[in-house]
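A.B. asks: Sequence and predicted model, in that order:
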Amino acid sequence: MYIYNDFDAEFVRDRVRQFRGQVEKRIDGSLTEDEFKPLRLMNGLYLQLHAYMLRVAIPYGSLDAAKMRQLAFIADKWDKGYGHFTTRQNIQFNWPLLKDVPDMLDALADVGMHAIQTSGNCVRNVTADHFAGAASDEIEDPRPTAELLRQWSTDHPEFQFLPRKFKIAITGSPNDRAVTKAHDIGIRMVRNENDQPGYEIIVGGGLGRSPFIGKVLREFLPKAELLPYIEAVLQVYNLEGRRDNKYKARIKILVHEAGLDEIRGSVEETFARTLAEFKKPSDELVDQITTYFNPPEFNNIQSHAYEEALETDPVLRSFVETNVAEHKNPAYGIVTISTKPIGGTPGDVTSDQMRLIADLAEKYSHNEVRISHEQNAVLPHVRKADIPLVHAALKAVGLATANIGLISDIIACPGMDYCALATARSIPIAQEISTRFDELKLEKEIGELRIKISGCINACGHHHVGHIGILGLDKAGVENYQITLGGDATQTMALGERAGPGFAAEELLPALERLLNRYLEIRECSDEIFLETYRRLGPQPFQQALYPEEEKYAA
Amino acid sequence: MAREFTPQIVTANDLLLGDAVYLTKAGTWSRLHSDAHLANSAEQAQTMLKHVKGQQDVIVGAYLANVSVNEDGIPEPAHFREAFRTRGPSNYFHGKQADAQSS
């Protein structure tokens, strides 16, 4: 875990001091809302439907026990005893009072956290693979690079007023768990033909109202050249990105309109200059940062207790099947803690649950916790022999739902239950789906299925890349839900295709039942997941299931 | 023929709490939608909205919201978004729905 140096700590404290003064001035009336709004947004404070909301960055999704306990403390002291993990590895507190926010930020600073650049047209929280440093398929741990990018982008004087927000994600594994192709810049750690480590740079991906899959801007970038190269991309975007239309201001539109080759040319030209200008070679800094992310000392003592427990405890076995991923050390497992109990709110964790996760991280996971873009928590380094104990502890606080990658492991944005931008609710839809398919006892039968729900076209719920995507809209004053099919958030990214007309809220669940019953009928075998069946057969059989009436008329 | 005017109210968020508030006939702010003062013409609605622009030390982001009027003459939200603002989120018993019970 990276630990703030004096500079980092002083910088964050300073910002809290400034913001405290700004809040006081807003409350006493000497700042208008027009003056205050950009200041509060720079510090992650939004105003939503029912209250303010504070969005706190969890850089590359990494927490330790002290940070997690502090989030629990903040949730209890200044909020309603819970927090909401988002699809960009942030945590949101939904009920802060304006006067309390500076104290909350001070409490965050106490543990090396902040809410800076979680809003505004700047480089946002750099996200990463939540299995970083643990995954068996990893080429290299992406976190030192993510931390380097965090330091470079934080308060970068040139990039505080970009045409629009800018999101960077990085993965160190060929299996992309960080949705890199749906980011303004996606970074994949690769090796070239000489086995040297470097980066593949992907640009112009994004969801929202105009979804695009990112394109490869540079196939291989030597590690040491990362910062000057990213700086060049940002310089080109800052100058050439559109500022005349908010909806066309992201870099994806620039890449789309100007063309990839044109942008590549501009970036390479700029890069020739930034490479020469950069004083400090970034590889030195990376090496320095890397020491913070050195792998823990793994205890390789084998134990049969794990296998025995799996034999005798079917509930544990079911949990391990879905929630434990392969660790690079065979004596260990990566344990994903689902924040999606049946009927629960995806991403919500109570303060008691946070404290339990912190305890488990400290005791069983080398003091590490991750938050995934799928809104779950991860204990990255758990000795297999300890997994039964971890499972029992999680079960006691309602955190042992064995559903990772299944139908109830839904991504859902806060939607119109909280968000001022939303056009419909997302959370109740997620709750209904998980409750219904649990009643039907079909979850395991259906197998891997990624449902992603957004409450507006901004697509925080990643609906475009859900195997089944659900988009909530306002259709003539009624909540209406559009279904997209065939999306994929991984290295084989695909944007889902709209299946047809939307459904009223009460029609949605029966439609999904028809859709998934059809899938169960037509899949080749029980191993063929929904997405594979969709790719094999195309949308037609699924559209027939969704819209049986139309089929009747057509016949 | 002129289009029929849909009755409107002025709503905003409270500066300190962030909670939804409604402009009353007395020119004060209430947490209850039913206390909202009805504008029965576009001119009246604009006048009311203009009036509250000067109240930046109390509220944030005032706007006009369409309402329907029930048989007792009380305004009710015309759109589901405004209805949600009178209650709170649907996943927890938080916000106004909880405040109403405790007060």
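C.D. replies: Everything's here; your move. Numbers count the residues shown, from 1 in each chain, chains lettered A, B, ... in the order given.
A.B. asks: Would you tell me which helix is longest in chain B?
C.D. replies: For chain B, the helix with the greatest residue count under DSSP state H is helix B:42-52.
A.B. asks: strand partners of the helix or strand following that helix, parallel vs antiparallel please.
C.D. replies: Note on helix B:42-52: by DSSP states H and E, the next helix or strand toward the C-terminus is strand B:59-69. Strand pairing for strand B:59-69, using DSSP bridges, gives strand B:8-14 (antiparallel), strand B:75-77 (antiparallel).
A.B. asks: Show me which parts of the longest one are buried, residue by residue.
C.D. replies: Within strand B:8-14, the residues that qualify as buried by neighbour count (16 or more other C-beta atoms under 10 Å in any protein chain shown) are B:Q8, B:I9, B:V10, B:T11, B:A12, B:N13, B:D14. In this view, the C-beta of every residue, glycine as well, is placed from N, C-alpha and C.
A.B. asks: now what about that strand, what contacts it?
C.D. replies: Residues outside strand B:8-14 that contact it (C-beta atoms under 8 Å, 6 or more residues apart in numbering or on different chains) are A:47, B:19-23, B:29, B:31, B:33, B:36-39, B:45, B:48-49, B:52, B:58-67, B:75, B:82, B:85.
A.B. asks: Now do it and helix B:42-52, the angle between them.
C.D. replies: 20 degrees (axes from the mean of the first three to the mean of the last three C-alpha atoms, to 10 degrees).
A.B. asks: Any chance you could list what contacts the following helix or strand past strand B:8-14?
C.D. replies: Going down the chain from strand B:8-14, the next helix or strand is strand B:20-23, by DSSP H and E. The contact list for strand B:20-23, computed with C-beta under 8 Å, 6+ apart, reads A:49-50, B:9-14, B:29-33, B:35-37, B:48, B:52, B:59, B:62, B:85-86, B:96.
A.B. asks: can you check stretch A:83-91 too?
C.D. replies: With contact meaning C-beta under 8 Å, 6+ apart, stretch A:83-91 is reached by A:55-61, A:71, A:74-75, A:92-94, A:118, A:124-125, A:127-128, A:130, A:167, A:339, A:345, A:347-349, A:351, A:354, A:371-377, A:411, A:413-414, A:460-462.
A.B. asks: Sitting in strands, which of those do you find?
C.D. replies: Of those, the ones assigned to strands by DSSP state E are A:R55, A:V56, A:A57, A:Q92, A:F93, A:T127, A:A128, A:D348, A:V349, A:I371, A:A377, A:I411.
A.B. asks: Of those residues, which are in range of chain B?
C.D. replies: Counting by C-beta under 8 Å from any C-beta of the partner chain, the subset of these that neighbours chain B consists of A:D348.
A.B. asks: Considering the ones in strands among the contacts of stretch A:83-91, which is situated nearest to chain B?
C.D. replies: A:D348 (7.7 Å; C-beta to the nearest C-beta).
A.B. asks: I'd like to know how far the closest one sits from B:A62.
C.D. replies: Distance, A:D348 to B:A62, by C-beta to C-beta, to the nearest Å: 31 Å.
A.B. asks: So which bits of chain A are right by chain B?
C.D. replies: A:26-29, A:32-33, A:47-52, A:80, A:94-95, A:97-99, A:345, A:348, A:416-418, A:425, A:427-428, A:431, A:474, A:477-479.
A.B. asks: Which positions within the longest helix of chain B qualify as buried?
C.D. replies: Within helix B:42-52, judged by 16+ other C-beta under 10 Å, the buried ones are B:A45, B:M48, B:L49, B:V52.
A.B. asks: TSV for these, including distance to A:H84 and pLDDT?
C.D. replies: Shown next, in TSV, are those (distance: C-beta to C-beta, whole Å; pLDDT from 0 to 100):
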residue	distance to A:H84	pLDDT
B:A45	36	96
B:M48	35	96
B:L49	33	96
B:V52	31	94
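A.B. asks: I figured A:M42 was touching A:G120, is that so?
C.D. replies: Yes. Contact criterion C-beta atoms under 8 Å: A:M42 and A:G120 qualify, at 5.6 Å.
A.B. asks: Looking at those two, which is more packed in?
C.D. replies: Ranked by neighbour count (other C-beta atoms under 10 Å in any protein chain shown), A:M42 and A:G120 place A:M42 first, with 21 against 18.
A.B. asks: Residue numbers of chain B in contact with chain A?
C.D. replies: B:13, B:15-20, B:56-57, B:60-61, B:78-81, B:84-85, B:88-92, B:94-96.
A.B. asks: One more pass at 6 Å, please.
C.D. replies: Taking C-beta under 6 Å from any C-beta of the partner chain as the measure of proximity, chain B contacts chain A at B:13, B:16, B:18, B:56-57, B:60, B:79, B:84-85, B:88-91, B:94-95.
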